[in-house]
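> Test case, fold it:
(one chain, ligands or ions: 1)
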Amino acid sequence: MSSVGILGGTGPAGQGVAIRLASAGYDVVLGSRDANRAVTVAAELAPRGAGTVTGADNEGAAQCDLVVVATPWDSAVATVSALKNVLDGKIVISMVNALTREGRELVPLYPPRGSMAAQIAHALPSATVVGAFHHLPASEMVNLDSELDADVVIFGDDAEARESVAHLVEAMPGLHAVVAGTMSLASAIEAFTAVCISINIRHKAHSYVKLAGLSH
Ligand SMILES: NC(=O)c1ccc[n+]([C@@H]2O[C@H](COP(=O)([O-])OP(=O)(O)OC[C@H]3O[C@@H](n4cnc5c(N)ncnc54)[C@H](OP(=O)(O)O)[C@@H]3O)[C@@H](O)[C@H]2O)c1
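As a prediction, this is how the structure comes out:
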C-alpha cells in the first residue's frame, strides 16, 4: 500500500495527517468537494520525505489504496456513501469525532450506532473500517518542527486491517501506534476527544495522548 487518499483532506486534520504520511514516504491525495481547492492546499504543504501530497476531488482521493475520512462528522456518512463503489474492498480509516461546543467545552454527541466509525462501517459494508488519529491536535500534526510524540489509539473489528493501520502510523514521524481493540471501543475513544479538546481550551495548550507504561 503506497497511496493514501483523504476525504475532506483540505481541513486542518487532513493536512496534518497528509504531511506526516508523505514524510513517511506515502503518496497522499487530499480530497475535496472542489479539486482546485485541494490542489492549492496540497501545494502549500511541504513534507520532508520521499512521499508526495497532491490534490483532487474526493472521488480521486477515494481511488487510493487506503482512504482516510476527515470531514466534519455531520457530512461523513454522505461523503462516503457517495463513494461506496470506489471504497468497496478497501481499508477506510475514520478519524471523525461527533462533537459539539458548549461554552468553553466540547461535548460528545452519540450517533445512532454509538460512534462515527460504526456509522461509516454501516454505510460501507464492503469496506473495512478502522478508527485512528482521533486525539491528535492538527496544529501539532501539521508542524513538522513540533516535538510531537503521541500515541495513536487504533480500533476496528478486523485484526489484519488494524495491524496495517498500525504499520502506517508507526512510519509517521512523531506517532506511535497503540491498538486498543475492536469497534466496541469506538464510542469511548471518539468521546474522549471531547475531553482532550476541552483540556486544551481550558489550559490554552495543544496537548495530546501519550500512554505511560507501554513499551513501543
Ligand atoms: N482538527 C483537529 O485537530 C482534528 C483532530 C483529530 C480528528 N479530527 C476530526 O477530523 C475531521 C476533520 O476535522 P477538521 O478540523 O479538518 O474539519 P473541517 O476543517 O471543518 O473540515 C474538513 C474538510 O471537510 C470538508 N467539508 C466541510 N463541510 C463539508 C460537507 N458538508 N460535506 C463534505 N465535505 C465537507 C471541507 O473540505 P472541502 O471544502 O475542500 O470539501 C473541509 O476542509 C472531523 O471529523 C474532526 O472531528 C480533527
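
> Count the neighbours of residue 47 for me.
Neighbours of residue 47 under the rule other CB atoms under 10 Å: 20. (Glycine included, C-beta is placed from N, CA and C.)

> so who does it touch?
By CB atoms under 8 Å, 6 or more residues apart in numbering, the contact list for residue 47 reads 18-20, 22-23, 53, 144.

> near the ligand at all, the helix ranked longest in the chain?
Here the longest helix in the chain is taken by residue count, with DSSP state H as the criterion, and it is helix 186-202. No: remark: helix 186-202 sits outside contact range of the ligand, by CB under 6 Å from any ligand atom, the gap being at least 6.7 Å.

> CA atoms only for that helix - export them in PDB, please.
Output in PDB follows, covering the C-alpha atoms of helix 186-202 (Å, rounded to 0.1, in the frame of the first residue of the first chain):
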ATOM      1  CA  ALA A 186     -15.300   3.300  19.300                       C
ATOM      2  CA  SER A 187     -17.800   5.400  21.200                       C
ATOM      3  CA  ALA A 188     -15.500   5.700  24.200                       C
ATOM      4  CA  ILE A 189     -12.400   6.600  22.100                       C
ATOM      5  CA  GLU A 190     -14.300   9.100  20.000                       C
ATOM      6  CA  ALA A 191     -15.900  10.700  23.000                       C
ATOM      7  CA  PHE A 192     -12.600  11.000  24.800                       C
ATOM      8  CA  THR A 193     -11.600  13.500  22.100                       C
ATOM      9  CA  ALA A 194     -14.100  15.900  23.700                       C
ATOM     10  CA  VAL A 195     -12.000  15.600  26.900                       C
ATOM     11  CA  CYS A 196      -8.800  16.200  25.100                       C
ATOM     12  CA  ILE A 197     -10.000  19.400  23.300                       C
ATOM     13  CA  SER A 198     -11.700  20.700  26.500                       C
ATOM     14  CA  ILE A 199      -8.400  20.300  28.300                       C
ATOM     15  CA  ASN A 200      -6.600  22.200  25.600                       C
ATOM     16  CA  ILE A 201      -9.200  25.000  25.600                       C
ATOM     17  CA  ARG A 202      -9.000  25.300  29.400                       C
END
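
> Sounds good, over and out.
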